[in-house]
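S.K.: Can you look at this prediction? I've put the sequence above it.
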Amino acid sequence: MVTAVLGAPGSGKSTLASLLAPLLPTYVVLDWDSLMIPAAALAGRYIRQHPETWPAYRQLVRAVVDAVAHLPVVLFTVCTPDELAGWPIGSWILLDCTDQERRRRLGQQPRHEPPEVALRDAQERSR
């Protein structure tokens with residue numbers, strides 16, 4: 001079964017994934033964003049900036065999840081439960097932080113979109 005850890009950009013998913021992986025050696029800890037660069041190379045464009053690539057990217061991540069689903073999986077994702085309907089997800093955890101903290105975190109990362117996009121995304125997901 002899969003445990004999904006979801007949150008908007010800047011909520012701490014990638015940081016937590018990197019810290020959690022060594023603590024759970026018998027689990028597959030998969031950060032949704034970890035496949036972005038190789039997928040962008042295949043697609044010939046940056047995935048985040050091209051919504052038409054999102055369904056294919058979701059299928060790619062689903063194929064990876066299905067390949068390792070015989071093991072316990074922790075999946076870190078920006079998707080909502082509705083976007084992952086039908087996936088073998090047993091439980092959900094939501095990561096969040098204040099807008100001020102999100103701005104600080106996103107300001108430390110090389111990004112292809114302004115922090116305001118992530119802030120808007122976080123506000124929409126918290127409704």
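M.R.: In hand now; what should we look at?

S.K.: could you pull out the helices for the chain?
M.R.: Assignment of helices within the chain using DSSP state H yields the ranges 13-20, 36-43, 54-68, 99-107, 115-125.

S.K.: Can I get these in JSON lines including distance to T77, mean neighbour count and mean pLDDT?
M.R.: (Each C-beta comes from the backbone N, C-alpha and C, glycine too.) Conversion of these to JSON lines gives the following (distance: least, Cβ to Cβ, whole Å; neighbours: other Cβ atoms under 10 Å; pLDDT from 0 to 100):
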{"stretch": "helix 13-20", "distance to T77": "8", "mean neighbour count": "16", "mean pLDDT": "93"}
{"stretch": "helix 36-43", "distance to T77": "12", "mean neighbour count": "13", "mean pLDDT": "92"}
{"stretch": "helix 54-68", "distance to T77": "8", "mean neighbour count": "14", "mean pLDDT": "95"}
{"stretch": "helix 99-107", "distance to T77": "17", "mean neighbour count": "14", "mean pLDDT": "82"}
{"stretch": "helix 115-125", "distance to T77": "11", "mean neighbour count": "15", "mean pLDDT": "61"}
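
S.K.: H50 against A40, yeah?
M.R.: No: judged on Cβ atoms under 8 Å, H50 makes no contact with A40 at a distance of 9.0 Å.

S.K.: re the thing from before, got TSV for the helices of the chain, with distance to I93 too?
M.R.: Formatted as TSV, the entries for the helices of the chain read as follows, by distance: least, Cβ to Cβ, whole Å:
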stretch	distance to I93
helix 13-20	10
helix 36-43	21
helix 54-68	16
helix 99-107	18
helix 115-125	13
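
S.K.: Compare these and give me the one nearest A85.
M.R.: The minimum distance between A85 and those falls on helix 54-68, with 11.3 Å, by Cβ to Cβ.

S.K.: Can you list the neighbours in contact with the closest one?
M.R.: Contacting residues not belonging to helix 54-68 are listed as 2, 28, 30, 32, 35-36, 39, 43, 47, 73, 75, 77, 79, 83, 87-88 [Cβ atoms under 8 Å, 6 or more residues apart in numbering].
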